[in-house]
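**Student:** Kindly generate the corresponding structure for this input.
(one chain, ligands or ions: 1)
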Amino acid sequence: RKLADPNNRINMVHFDPNYIIYDSTTDTTYLRGRLLGKGGFARCYELLDLNSNKIYAGKIIAKTRIAKPHQRQKIVREVELHRDLKHKHVVEFHSYFEDDENVYIVLENCPRKSLVHMLKQRKVLTEPEVRCHLKQLVEAVKYVHNQNIIHRDLKLGNMLLNDHMELKIADFGLATRIGYEGEKKMTVCGTPNYIAPEVLQKRGHSFEADVWALGCVTYALLLGRPPFETSTLKETYVRITSNNYSIPQTVSQGAKSFIQKCLRHDPDQRPTVEELLSDDFFTSGFMPKSLPSTCCTNAPKFPVYARL
Ligand SMILES: CC[C@@H]1C(=O)N(C)c2cnc(-c3ccc[nH]3)nc2N1C1CCCC1
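**Tutor:** Now for the predicted structure:
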């Protein structure tokens, strides 16, 4: 069987022929590749589909790790919410299967990892870059909300980049479906990273919790740290519930007002994701159509006219 197409040479050195994974539901054989990291119950690996020669990212969850019914239910929920989503900026759900030992979730590969890695390298991003990433993010979240789903864990680690530097939101492990107009969720099984005050206080939450998280992400990308960060989780929660944060003067008026709208304490005062798309932060400055992969390591030099 041809293992690597000479045109788009796959570096086979990462794929260990001793680790064959067979998906009987689609008669697909995978070679397990590099360990990508851990996410929740899962150990994540590159998977080479030997039928198509394509590389995917696989979440492999040992059945021993999800022996209890409510643990298994969490995986089932994640799959049920993610599998029907199809959008350019949402990670593609490829397949889900199991064998005697494991449960497998096979997802689109995002070789340029997440915005966490980019920010670690760059410390802060330029405003044009943030506009570009945020536009893709807001489009993705608008699509998800239109499916009556709240992501509930929008954070830099769930914002992945493919080879073309296109942004994809990942991980529907804390997501939930709104069953009827105006439904408010009272609990989350897990702790969202950029948790909104109404979620913390269990006062009932909905789509607005994702808008809050987008405000936190925007702040973090521009300033290199989240808006409510302190040395203890308790103190951070106090700042969130008392809406105690500040935006340095280095931030433009457009970006500042975008962040302030998303971080309004009262969820009913926050703009919807739809309204965010027409916020003048997106129109108040240069908006690159795409970003070069050099942005993963160095600040881009936008053409001079872009700054005038
Ligand atoms: C599989 C889990 C998660 C994920 O959801 N996707 C889609 C993904 C895609 N490519 C990658 C990927 C990283 C480097 C090459 N591909 N990683 C993904 N992750 C990472 C793995 C470890 C933590 C989150």
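**Student:** how far out from the middle of the chain is the helix ranked longest in the chain?
**Tutor:** As assigned by DSSP state H, the longest helix anywhere in the chain is helix 127-146. Centroid separation between helix 127-146 and its chain, computed with Cα atoms, centre = their mean, to the nearest Å, is 11 Å.
**Student:** low-confidence ranges in the stretch 101-250 of the chain?
**Tutor:** Judged against pLDDT under 70, the stretch 101-250 of the chain has no low-scoring part.
**Student:** Get me the contact residues on it for the ligand.
**Tutor:** L107, E108, N109, C110, P111, K113, L160, A170, D171 (Cβ under 6 Å from any ligand atom). No exception for glycine: its C-beta is placed from N, CA and C like everyone else's.
**Student:** Same list (those) but as CSV, adding neighbour count and distance to I60.
**Tutor:** Shown next, in CSV, are those (neighbours: other Cβ atoms under 10 Å; distance: Cβ to Cβ, whole Å):
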residue, neighbour count, distance to I60
L107, 22, 12
E108, 17, 16
N109, 20, 15
C110, 20, 17
P111, 13, 19
K113, 16, 18
L160, 26, 18
A170, 21, 16
D171, 21, 15
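**Student:** Enumerate every residue touching V144.
**Tutor:** L85, H87, V90, I150, H151, I169, A175, D210 (Cβ atoms under 8 Å, 6 or more residues apart in numbering).
**Student:** Just to be sure, the last one is in a helix?
**Tutor:** So the one you mean is D210. Yes - according to DSSP: H, G, I helix; E, B strand; the rest coil, the state of D210 is that of a helix.
**Student:** what about stretch 65-84 and the ligand, touching?
**Tutor:** No - Stretch 65-84 lies out of reach of the ligand by Cβ under 6 Å from any ligand atom, never closer than 9.2 Å.
**Student:** which SS state does V103 fall under?
**Tutor:** Per three-state DSSP, the secondary structure class of V103 is strand.
**Student:** Just give me the neighbour total for C189.
**Tutor:** By other Cβ atoms under 10 Å, 12 other residues sit near C189.
**Student:** Check the secondary structure at it for me.
**Tutor:** Secondary structure, three-state DSSP: C189 is coil.
**Student:** quick revisit: the residues of the stretch 101-250 of the chain next to the ligand in helices, which ones?
**Tutor:** Among those, DSSP H puts none in helices.
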